[in-house]
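Trainee: Take a look and give me a structure for this.
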Amino acid sequence: MDLTNNLVEHIYQGSGNLIELDYSPVWVLFSVLLAISGTFVATAIAGISGQLHHPITRWTVQFTGALAFGASVWGMHFVGMLAVSMPVQVTYDPITTLISVLPATLAAWVAIHWLALEQTSWSKQLVTAGFIAVGIGTMHYTGMYAMRMDAELQFEPQLFILSLLIAYLLSLISIQLVHTLRNGANNYKHLGNLAGGVGFGLSIAAMHYVAMLSTRVVGVAALDIAIPPTDRGHLISLITLGLLAALGISYAGSLATRLRINNRELTLRREQLKQIIQHSMNSVFTIGEDGQIETVNAQSEHLFREPNTSMCTKNIREYIPDWHPDIEELELTGVHDRECIGRRSDGQELQLLLRKSMLNIEGKKLFIIFLMDISEYKETEKELYHQATHDALTGAFNRRHMESVIISEYQRCRRHHNGLSVMMFDIDHFKRVNDTYGHDIGDQVLSEVANRLQQLIRASDTLCRTGGEEFLLILPETNNPAALVLAERLRARIANEPFHLDSGHKLNVTISIGVYTTLGESSEGYQEVIQRADRAMYAAKTNGRDRVENYTNLLTRGLGAVKS
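Mentor: Residues are numbered from 1 along each chain as shown. Alright, predicted model coming up:
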C-alpha cells in the first residue's frame, strides 16, 4: 500500500509550481558520444567472448563486457544530468548513485551472453532487448532517485512509458543489426560491433532524454537564475576518467584473454601441424624464393638419404634440377602438380610426383612442396603396359597393340600420302617342328625368330605376333622397293643362320613373307591392307616357301584374289 501511494505521488497531476530545466547542447552531445563509445566496447567484448570455448573464461569476459555496458549507461546518465541547469541546488546520494549501476550491469550480462551466440532465435532477441531496456530504465530512474534538492520529482505517465518503449525498440533493432552483419559477408562483419555500439548508445541516450522530457520538477525556485551542477568541469572529468578507465580495463582484459587463448590455440595447432608434417608419408620442403631450403621433414631425409642439417644448407635445385617457382601460375591456380626427376647426392635419380603451393607473407614468397616417390609405381606401370601390349613369349607386340598402331599409321598415311608398307610372316612347316622336337623347342624357335627380326628393323617399325607362328611388321613412311629390300634381308637372316637348340642340335628354319604397300589414296581401309599382305604371304607359301612375294606382282599375274 505504501509503495502504491509512493508511486502515485510521483505521477504528475498537472498542478504545482514547475521549475524550468535548461540543457547545455555541448554536454548533451558529449553524453551521447560517451554512451556510443562504451556500448561499442561492450559489443566488441561480446563478439570476442563468442570465440572462447572455455566456459569460465567466456563468462568472465562477458562479465567485463557487462561492466562496460553498465558503466556506459551510468556514465551517460550522470553526464546527461550534469548537462542540466535549474534554479535549485542539486546534490546526489552517493550510495544510491553507486547502486544505480547494478541494474544495467546485470541486464547487460544476460544480453551479452546471448549477443555472443552466432545464431539466436527471434524469441531470445525479444527477451534480450527487454533485459536491456529494463536495465537502462531501472538505472535511469534509480539515478533520478539519488537526486537531493528542495523540490519534488514527478513524471508524465505517457512519456515515462514511451521512454521504455524507445529503449526496447532501439535495442531490438541493434541486436538485429549485430547478428545480420556478423553472419553476413566478410566485408560487413567488422561493421557489426560499430552498428551495435551506435544502436545501443542511441537507445540509452534516447531513453534518458525522453525520460527527462517526462520529468516534472515541482517546487519553488530557490535562485533567481538556473545554475549548472556544482563544479561541473571537475565532476565531468572524474566521471569521464572513471568511465574510460572502466571501459579500457574491460576491453584490455577481454583482449588479453583472447590473446592468451589464441596463443594457446596457436601453439597447439603449430604442434599439431609440426607432427603432421614430420610424420607425413610424403617428403615436405619449405623453400625461399631463391630456392634456398628452409625446412625439411623426416621423410625428406629418408627419401634423399641425407640429414636435414645438411639439406637446409643447400638449394632445392641440387635435389630437383628442373625446379622453377612458377609464381604467375601459382597466383592463378594456388596449387601446381607435375612429375619430375629427383636426384640424390650420390647421383641416383628418382621419379617423383611434386605438388607445389605458395605463401606470400608481407611480400616474402615462401614455397611449400610435397614430394612422393613414384619410381616403383612407374616401374609397375611400365611393366603392366608391357604385359598389356606385348606377347609374353616372343617380346613382340601383341595383336591388340597391332590394331591400334595400324589404324594410327594408316590414317597418317592417308593425310600425308606417305608410303605405308606391311609385311606378313609365317614360319614354314612350323607344325613339323612342334611335332618333331616338342613345343618347348617350338617356343624357342618363335622367340629366336622374333629376336632376329627385331635386330634388323628400325625403332619406328612395329613387329607384332598375330597368332601361332605368324608375325606382322608395320613400316611407316616406307615405299614398296625399300620394303622388298628389307623383306629379303629378313628372309635371308632366318634361312642362312641355323638355330642352335638347347639339346646341341642345329635346326634350319625358313619363313615366307608377303609385302603390301599403300599410299593411302584408295579407300581400301586398314583391314584390307593387312589382308593384302596376308594374301601375298600365302602366295609365297604356295610358290615354294622361303621366299618374298609382293602383292603388286600378284595383281600382274592375276593372283590378287588368292586367300590364305
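Trainee: what's stretch 278-296 in contact with?
Mentor: 277, 297-300, 302-304, 308, 311-317, 323, 325, 364-373 (CB atoms under 8 Å, 6 or more residues apart in numbering). For the C-beta atoms, the positions are set from N, CA and C on the backbone; glycine is no exception.
Trainee: dump the residue contacts of Gly442.
Mentor: 430, 433-434.
Trainee: isn't Ile368 right next to His336, touching?
Mentor: No - the criterion here is CB atoms under 8 Å, and Ile368 misses it with His336 at 11.3 Å.
Trainee: Now do the shared contacts for those two.
Mentor: Common neighbours of Ile368 and His336 (CB under 8 Å, 6+ apart) are 356-357.
Trainee: For ChimeraX, what selects the buried ones among the contacts of stretch 278-296?
Mentor: Applying 16 or more other CB atoms under 10 Å to these leaves a buried subset, and the ChimeraX line that selects it is:
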select :277,297,299,300,303,304,311,316,323,325,365,367,368,369,370,371,372,373
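Trainee: Which ones among the contacts of stretch 278-296 map onto helices?
Mentor: 277, 298-300, 302-304, 308, 311 (DSSP state H).
Trainee: and which of those residues is nearest to Ala83?
Mentor: Ile277 (62.3 Å; CB to CB).
Trainee: hang on, the earlier thing: return the subset of the contacts of Gly442 lying in helices.
Mentor: 430, 433-434.
Trainee: Who wins on neighbours among those?
Mentor: Val433 (21 neighbours; other CB atoms under 10 Å).
Trainee: dump the residue contacts of that one.
Mentor: Contacts of Val433 by CB under 8 Å, 6+ apart are 427, 441-442, 445, 507, 509.
Trainee: Looking at those, which are in strands?
Mentor: 427, 507 (DSSP state E).
Trainee: and of the contacts of Val433, the nearest to Arg532?
Mentor: Ile427 (20.6 Å).
Trainee: buried sites along the lengthiest strand in the chain?
Mentor: The longest strand of the chain (DSSP E) is strand 349-361. If you call a residue buried by 16+ other CB under 10 Å, then strand 349-361 has these buried ones: 350-354, 356, 358.
Trainee: Pick out whichever of the residues you listed sits closest to Arg532.
Mentor: When the buried residues of strand 349-361 are compared against Arg532 (criterion: CB to CB), the nearest one is Gln351, at 43.5 Å.
Trainee: surely that closest one meets Asp373?
Mentor: Yes - here Gln351 reaches Asp373: they are 7.4 Å apart, a contact under CB under 8 Å.
Trainee: Count the neighbours of the closest residue in space to His401 that isn't next to it in sequence for me.
Mentor: Nearest residue to His401 in three dimensions, chain neighbours excluded: Thr389, at 4.0 Å (CB to CB, 6 or more residues apart in numbering). Other residues near Thr389 come to 15 when the count uses other CB under 10 Å.
Trainee: what sits against Thr389?
Mentor: 397-398, 400-401.
Trainee: Now do the host helix or strand of His386 against strand 349-361, angle only.
Mentor: Using DSSP states H and E, His386 sits within helix 375-389. If you take axes from the mean of the first three to the mean of the last three CA atoms, to 10 degrees, helix 375-389 sits at 130 degrees to strand 349-361.
Trainee: can you pull the buried residues of helix 375-389?
Mentor: Buried-residue list, helix 375-389, by 16+ other CB under 10 Å: empty.
Trainee: With only the CA atoms kept, save it in CSV.
Mentor: Output of helix 375-389 as CSV, limited to C-alpha atoms (Å, rounded to 0.1, in the frame of the first residue of the first chain):
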residue,chain,number,x,y,z
SER,A,375,59.7,-44.8,-59.0
GLU,A,376,58.2,-48.2,-58.1
TYR,A,377,54.8,-47.1,-59.4
LYS,A,378,56.3,-46.1,-62.7
GLU,A,379,58.2,-49.3,-63.0
THR,A,380,55.0,-51.2,-62.2
GLU,A,381,53.1,-49.1,-64.7
LYS,A,382,55.7,-49.7,-67.3
GLU,A,383,55.6,-53.5,-66.7
LEU,A,384,51.8,-53.6,-66.8
TYR,A,385,51.9,-51.6,-70.1
HIS,A,386,54.4,-54.0,-71.5
GLN,A,387,52.3,-57.0,-70.4
ALA,A,388,49.2,-55.4,-72.0
THR,A,389,50.9,-54.6,-75.3
